[in-house]
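*Asks:* sequence first, then the predicted structure:
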Amino acid sequence: MRELTQVRDAVISALDHAGLQALAAFPAERAKRYEGAVAAVAVGAAEGRTMGFCNYLGEVYDRAAGAWREVYGKQLEGDITVEVRAERAADCERGCETASDVLLGGLPEGIRPGELRWEALTWEKAAGMFLRRGVLRCGAVFTAQAQEDGAAFLDFILKGVITD
């Protein structure tokens, strides 16, 4: 599901921008390559909801094309999981604080944060690092516009994310 990947990538980008190295996956053999804390991000369980009538939201004027376009919307509810690891407990805690700030107030407008829960700090024997897992329950809003001929619509894009 491309929408889940968009949410994951938006969270990774926001964490990186805040100074916390973030990845989509965290292989144990790469764990020690990073100085300080590093976060692994994934989108867990998700469920979709329609917006409007059959996802139809209305029309907007496309200035570049000089035409009206139909807009469609989609909403997902899901869990974003973040695992913060570091060789030192203090670095892990600082990484967790940065992640909390980003998850609750630094994500694109299309991701609406809900409840954030963190597990206790633990020692991960296999990686030889401290670990703290968090889960953010959130909603994500996506929009898509119909093509000029109205026959098909473009991919759903996470609201608030700038694309090329």
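*Replies:* Arrived safely.

*Asks:* any stretches of this structure with poor pLDDT?
*Replies:* 1, 27-32, 49-54, 147-164 (pLDDT under 70).

*Asks:* mind running it again at 90?
*Replies:* Within the chain, the set of residues satisfying pLDDT under 90 comprises 1-6, 24-36, 43-77, 108-110, 126-127, 139-164.

*Asks:* what about the helices in it?
*Replies:* 2-17, 89-105 (DSSP state H).

*Asks:* just tell me which of the ones you listed ends up closest to Asn55.
*Replies:* helix 2-17 (12.5 Å; Cβ to Cβ). Just so you know, the C-beta spots here come from the backbone N, C-alpha and C atoms, and that holds for glycine as well.

*Asks:* give the other helices and strands that that closest one contacts.
*Replies:* Judged by 3 or more Cβ pairs under 8 Å, 6 or more residues apart in numbering; DSSP states H and E, helix 2-17 is in contact with strand 21-23, strand 38-50, strand 67-86, helix 89-105, strand 111-118, strand 129-145, strand 157-158.

*Asks:* the same query, at a cut-off of 6 Å, please.
*Replies:* strand 21-23, strand 38-50 (3 or more Cβ pairs under 6 Å, 6 or more residues apart in numbering; DSSP states H and E).

*Asks:* can I get these in TSV including mean neighbour count?
*Replies:* Listed next are the helices and strands packed on helix 2-17 as TSV, based on neighbours: other Cβ atoms under 10 Å:
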stretch	mean neighbour count
strand 21-23	19
strand 38-50	17
